[in-house]
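1. Pasted the sequence and its predicted model underneath.
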Amino acid sequence: MDEQRIGQASRLCFFAHYDEDGVVADHVLLYLAALREANFVIVVLSTARLDEVEQAKITALGAYVILRDNQGMDFGGWIEACIRFFPITADLLLLANDSVYAPLADLATFIDQLTTRSADFYGAIESLEVAPHLQSWFLLFRPSAYRSAAFSELMRRPMPIITEKGTLVIRYEVGLTRTLVDAGLQYHAAFSLASSTGIAKHYPYNPAHVLWREAIEQGIPFLKIELLRYNLVRITNTAEWPAVVTAHAPHLVPLITADLVRRGTKPAPGILKMSHAPSVYWPELRPLVLADYRREATGIPIRRGSIATMRLAMAIARIPRRLYARLYPR
């Protein structure tokens with residue numbers, strides 16, 4: 001491995017990968033090729049059992065591959081890479097993973113447009129859940145961010161053993177954005193609901209799921225894989241994905257289809273089985289969320305009644321939720 005080339009790359013990507021079948025899927029190769037075309041030197045950090053044939057698919061793209069134990073999930077790999085390869089001289093450091101189908105548009109153009117905004121770090125989508133933060137499957141850092149003491153405190157220290165995903169998300173995914181912001185660094189997201197005065201402000205939700213189609217139509221070239229495979233929050237229009245992807249990247253449709261067939265999908269849970277999920281995710285309430293979002297997106301003042309209606313609907317929804325939670329506690 002040419003560590004000098006990695007350390008001196010003008011654009012560097014640490015890419016977290018996992019596949020239960022021990023393969024590098026075609027849609028992942030497409031994403032890696034797009035990153036290469038965007039002038040990134042790529043280090044793939046895989047927790048899959050990749051044989052020499054599968055590793056060769058990565059190296060054929062000019063990328064490097066590191067096999068590691070599945071500890072700490074994506075952040076565990078990114079932290080290992082930061083500890084191993086820093087100091088670096090990159091103008092842009094990208095942390096990415098294989099949890100999305102991508103790209104649905106020219107990735108180099110997306111990155112160039114995203115980074116025209118003055119900021120220390122960037123993301124594709126900002127989530128307001130827990131606390132405002134950039135979703136960690138696509139994070140770009142300028143030197144002012146990745147050389148900061150705040151970044152080093154979190155990302156250049158060995159990760160403690162964390163077995164609970166929620167704890168990891170709060171400490172690292174949410175924590176990374178909040179730690180850098182607390183240190184005075186600024187970020188910009190290509191898609192954000194931070195300016196919302198409506199439902200998103202009062203009841204934060206994950207736009208990568210609830211507004212997946214709207215995000216793509218606004219130029220976000222990513223589609224979350226778990227949305228199509230599991231759809232845990234029962235988004236009702238996921239069957240429209242072939243038409244949406246065809247309109248933006250038709251060559252990606254057979255790759256997504258093949259991946260879903262190989263790895264399989266699971267039926268979305270029933271309403272009552274979502275009793276521990278935020279009410280805002282219930283498909284019966286989603287039309288309120290979409291109407292609210294579309295009014296704001298078109299500059300129409302939000303209707304005060306939409307918040308009141310949402311509160312009433314959520315209050316009603318809590319009745320069967322609470323009953324189910326008592327009958328079937330976690």
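-> All right, it came through fine. Because the structure is a prediction, the values reported are computed rather than measured. Residues are numbered from 1 along each chain as shown.

2. what does the longest helix along the chain rub up against?
-> If you go by DSSP state H, the chain has its longest helix at helix 304-327. Helix 304-327 is contacted by residues 198-199, 202-203, 271-276, 279-280, 282, 284-285, 288-289, 291-292, 295 when judged by CB atoms under 8 Å, 6 or more residues apart in numbering. Heads up, the C-betas are built off the backbone N, CA and C, glycines and all.

3. Return the subset of those lying in helices.
-> Ile199, His202, Leu288, Val289, Ala291, Asp292, Arg295.

4. In a helix, Gly29, correct?
-> Not quite, residue 29 is Leu, not Gly. Yes: counting by DSSP: H, G, I helix; E, B strand; the rest coil, Leu29 is part of a helix.

5. Please report how far the spatially closest residue to it that is not a sequence neighbour lies from Ala48.
-> Using CB to CB, 6 or more residues apart in numbering and skipping residues adjacent in sequence, the residue nearest Leu29 is Lys57, 6.0 Å away. Separation of Lys57 from Ala48 (CB to CB, to the nearest Å): 12 Å.

6. Residues in contact with both of the two, list them for me.
-> With CB under 8 Å, 6+ apart, Lys57 and Ala48 have common neighbours Val24.

7. Can you tell me which helix or strand of this protein has the lowest average pLDDT?
-> helix 304-327 (a mean of 76; mean pLDDT, DSSP states H and E).

8. distance between that helix and the chain's centre?
-> 28 Å (CA atoms, centre = their mean, to the nearest Å).

9. The nearest residue to Tyr281 once chain neighbours are set aside: which element?
-> Leaving aside its chain neighbours, Tyr281 sits nearest to Val233 (3.7 Å; criterion: CB to CB, 6+ apart). Here Val233, judged by DSSP states H and E, is contained in no helix and no strand.

10. Test my guess that Val233 contacts Trp212.
-> No: counting by CB atoms under 8 Å, Val233 does not reach Trp212; the two are 11.0 Å apart.

11. Name the residue in these two with the higher neighbour count.
-> Applying other CB atoms under 10 Å to Val233 and Trp212 shows that Trp212 carries more neighbours, namely 24 against 20.

12. phi, psi of that one?
-> phi -60, psi -40 (degrees, to the nearest 10).

13. Ignoring the adjacent residues along the chain, who's closest to it?
-> Leu227 (5.8 Å).

14. ok, so what distance separates Leu128 from Val210?
-> Using CB to CB, one gets 12 Å for the distance from Leu128 to Val210.

15. So which of these two has more stuff around it?
-> Counted by other CB under 10 Å, Leu128 and Val210 do not tie: Val210 has more neighbours, with 21 against 18.

16. show me where the stretch 151-300 of the chain has strands.
-> Here the stretch 151-300 of the chain has its strands, by DSSP state E, counting those that start in this stretch, at 187-191, 223-224.

17. contact partners of the last one?
-> Contact partners of strand 223-224, identified using CB under 8 Å, 6+ apart, comprise 99-102, 104, 137, 208-209, 212, 216, 241, 245, 256.

18. repeat that for 7 Å
-> Strand 223-224 is contacted from outside by Ser99, Val100, Tyr101, Leu104, Ala208, His209, Trp212, Ile216, Trp241, Val245, using CB atoms under 7 Å, 6 or more residues apart in numbering.

19. One more: the longest one?
-> The set of residues that contact strand 187-191 without belonging to it, under CB under 7 Å, 6+ apart, is 114, 117, 119-126, 134, 177, 181, 207, 215, 218-220.

20. Using neighbour counts, trim those to the buried set.
-> 114, 119-126, 134, 177, 181, 207, 215, 219-220 (16 or more other CB atoms under 10 Å).

21. Where does pLDDT dip in the stretch 1-150 of the chain?
-> Along the stretch 1-150 of the chain, the model assigns pLDDT under 70 to no residue.

22. where do the helices sit along it?
-> Remark: helices assigned in the stretch 1-150 of the chain by DSSP state H, counting those that start in this stretch are 3-7, 26-37, 52-59, 73-85, 107-114, 143-146, 149-155.

23. How much space separates the residue most central in space within the chain from Leu260?
-> The centroid of the chain falls nearest to Trp137 when counting by CA atoms, centre = their mean (3.6 Å). As judged by CB to CB, Trp137 and Leu260 stand 18 Å apart.

24. Tell me how many other residues crowd Leu95.
-> Neighbours around Leu95, by other CB under 10 Å: 26.
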